[in-house]
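A.B. asks: Dropping the sequence and predicted coords here.
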Amino acid sequence: QQNVQRVSSAVKLHLSILFAGLAIFKAIGYWLDRYELLYSTRGAAFGATYTEIVAQRPALQLLVGISLVAAILMLVNIRFRGWTLPLVAGGLWLVTSVIVGGIIPAAVQRLSVEPNEILRESQYIQRNIDATRDAYDLSDISVTDFAASPALGVDDIEANRATIDNVRLWDPGVLKSTYSQLEQLRPYYQFDDVDVDRYLIDGALTQVGLAAREIEVDNVAESTWVNDHLVFTHGFGAVLSPSNAVSPEGQPEFLVNDIPPKLETESLELTQPRIYFGEVPGASEFVFVGTKEDEVDALTETGEVSYNNYDGEGGVAVGSIFRRAALALRFNDFNTLISNRITGDSKALLFRNISDRVEKAAPFLSQDSDPYLVFQDGGLVWVVDLYTTTDRYPYASPAFPRDEYGGTSRLSNTAHSLPDGFNYVRNSVKAVIDAYNGTMSFYIVDPDDPVIATYAKVFPELFSEASLIPDSLRDNLRYPEDLFRVQSDMYTAYHVTSPQ
């Protein structure tokens with residue numbers, strides 16, 4: 001009509017229906033936003049505090065109603081097909097969301113809460129304290145007063161003989177370099193880490209340092225495909241020494257050392273010292289075993305190298321040419337397909353790094369940064385502490401382990417897999433990996449954790465009960481390092497139980 005653009009009634013009908021649907025979804029969004037108040041950071045403590053309960057929650061409930069009214073107006077507009085009702089609905093929603101949803105809560109926080117925080121926030125701070133202590137498993141800590149005294153007598157020493165006898169003289173960092181100098185024996189071996197454990201040695205509980213002698217193919221003098229994937233396939237043995245003993249030469253007093261392993265005590269047994277699955281980062285490389293090539297193994301008494309062929313349970317059978325082609329494609333390695341040293345009876349070992357291995361089996365669990373080695377029934381096994389975490393625990397303050405300078409926990413110097421911002425954690429699972437076979441067992445050690453109980457229902461064949469942990473391993477399970485750091489850091493604030 002003479003240069004005036006108009007919108008057809010069919011378009012108004014279409015828009016009314018669309019806007020009515022959007023208004024209904026917005027109402028659902030406001031309804032769900034009420035639960036997000038449990039994770040608010042606006043008040044004096046994490047969670048829903050005075051402003052959220054008194055101002056923000058009623059505002060969201062009002063906005064739910066306004067959104068539904070707007071949806072009704074849009075549906076009524078289907079009949080009238082004008083602009084008046086949509087403008088009324090939009091204006092009503094906009095004014096309400098700005099004033100009730102934004103201005104009023106901000107005013108309550110600034111004018112009522114901040115000048116009177118103790119009065120307004122105490123009950124909500126108490127909720128935060130209780131929830132945080134529960135979420136980080138700090139609720140049942142026993143506090144004991146310790147009367148320090150400058151006088152230390154013979155009777156005091158005798159009363160604490162077990163502690164005095166196990167005072168650690170060797171630091172793990174020093175032991176690592178010492179082990180490397182004295183016990184590496186070949187360039188292609190490596191001590192990646194020294195673990196602290198305790199064993200019953202000749203009837204006495206003794207704190208020890210121990211480390212696995214793992215293979216590091218990057219240090220092989222002549223790096224070829226055959227050497228890297230067929231010949232140098234595994235580490236050999238471990239080193240163990242008391243933490244509180246020093247030899248006359250100033251060296252560790254080894255209880256287990258050398259290749260083949262020499263054991264200076266009958267309390268330990270090591271009949272299968274070979275390490276095909278370990279902690280060294282390079283262990284994630286694939287190798288083939290049971291090939292026509294002999295694998296470099298131990299040292300003889302004359303210093304020569306002996307050889308061995310893997311007969312363990314681990315690995316994927318090469319089998320037919322089609323499976324070999326699939327493995328070659330998987331490894332992006334043409335030599336896998338054409339090598340005449342690999343037979344149908346050979347097996348491929350992959351995911352040899354224990355952290356990668358556990359990640360493949362249970363990616364929904366976080367790992368502790370420090371797996372540790374254990375002597376068990378004549379062999380060697382690795383133990384990895386696994387955590388269940390969530391960031392949806394109401395009122396519990398979050399931890400930020402990857403934040404070096406802020407947050408409530410600072411673990412950025414470790415290679416843990418704990419996520420930032422979690423506010424609930426349990427060490428619910430101990431993963432045990434056989435160093436020779438690569439077999440994995442996941443034992444639930446905290447059946448009261450609802451998160452792992454749910455995972456156990458989802459993956460019933462993956463997890464086992466703690467009662468099935470072998471007795472030879474049970475005494476060597478330890479409190480996980482990363483959990484201890486997180487709990488200790490959180491406890492610096494949450495040992496206080498009074499809101500004031």
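C.D. replies: That came in fine, so what should we check first?
A.B. asks: Residue nearest the middle of this structure, spatially speaking?
C.D. replies: Centroid-nearest residue in the chain, with CA atoms, centre = their mean: S366, separated by 2.2 Å.
A.B. asks: Give me the phi and psi for that one.
C.D. replies: Main-chain torsions, S366, degrees, to the nearest 10: phi -90, psi 150.
A.B. asks: give the contact list for it.
C.D. replies: 386-389, 416-419 (CB atoms under 8 Å, 6 or more residues apart in numbering). For glycine as for every other residue, the C-beta is placed from the backbone atoms N, C-alpha and C.
A.B. asks: now stretch 332-343: how far from the chain's centre is it?
C.D. replies: 36 Å (CA atoms, centre = their mean, to the nearest Å).
A.B. asks: in it, what's buried?
C.D. replies: Across stretch 332-343, burial judged by 16 or more other CB atoms under 10 Å covers 336, 339, 342.
A.B. asks: Which strands and helices lie in contact with the helix or strand the first one falls within?
C.D. replies: Just to be clear, that refers to T336. Per DSSP states H and E, T336 falls inside helix 334-338. Judged by 3 or more CB pairs under 8 Å, 6 or more residues apart in numbering; DSSP states H and E, the packing partners of helix 334-338 are helix 321-331.
A.B. asks: and the helix it packs on, what other elements does it pack with?
C.D. replies: In this structure, helix 321-331 packs against helix 334-338, with contacts taken as 3+ CB pairs under 8 Å, 6+ apart.
A.B. asks: Report the mean confidence score over the helix it packs on.
C.D. replies: Summarised as a single mean, pLDDT over helix 334-338 is 93.
A.B. asks: List the contacts of N219.
C.D. replies: Neighbouring residues of N219 by CB under 8 Å, 6+ apart: 187-188, 190.
A.B. asks: For W382, state which of those residues is nearest.
C.D. replies: Nearest to W382 among these, counting by CB to CB, is Q190 at 15.6 Å.
A.B. asks: what's across from the closest one in the sheet?
C.D. replies: When bridges are called by DSSP bridges, Q190 pairs up with E214.
A.B. asks: is it true that it touches V280?
C.D. replies: Yes: under the criterion of CB atoms under 8 Å, Q190 makes contact with V280 at 6.0 Å.
A.B. asks: Find residues that contact each of the two.
C.D. replies: In contact with both Q190 and V280: 214-216, 235, using CB under 8 Å, 6+ apart.
A.B. asks: can you put these in JSON lines and add distance to L73?
C.D. replies: Formatted as JSON lines, those follow (distance: CB to CB, whole Å):
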{"residue": "E214", "distance to L73": "71"}
{"residue": "I215", "distance to L73": "73"}
{"residue": "E216", "distance to L73": "72"}
{"residue": "G235", "distance to L73": "74"}
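A.B. asks: Could you pull up the mean pLDDT of the helix or strand hosting I433?
C.D. replies: Per DSSP H and E: I433 is located in strand 424-434. The pLDDT scores in strand 424-434 average 97.
A.B. asks: repeat for stretch 359-379
C.D. replies: If you average the pLDDT over stretch 359-379, you get 95.
A.B. asks: How about the contacts made by the closest residue to A44 other than its chain neighbours?
C.D. replies: Spatial nearest neighbour of A44, excluding adjacent residues (CB to CB, 6 or more residues apart in numbering): E121 at 4.4 Å. Residues in contact with E121 (CB under 8 Å, 6+ apart) are 43-45, 49-50, 113, 499.
A.B. asks: Give me the lowest-pLDDT entry from the residues you listed.
C.D. replies: Lowest pLDDT among those: V113, with 83.
A.B. asks: Show me where the chain dips below the pLDDT cut-off.
C.D. replies: Low-confidence segments of the chain (pLDDT under 70): 1-5, 7, 82, 282-284, 402-416.
A.B. asks: hang on, the earlier thing: of the contacts of S366, just say which sits nearest to K457.
C.D. replies: Nearest to K457 among the contacts of S366, counting by CB to CB, is T388 at 13.5 Å.
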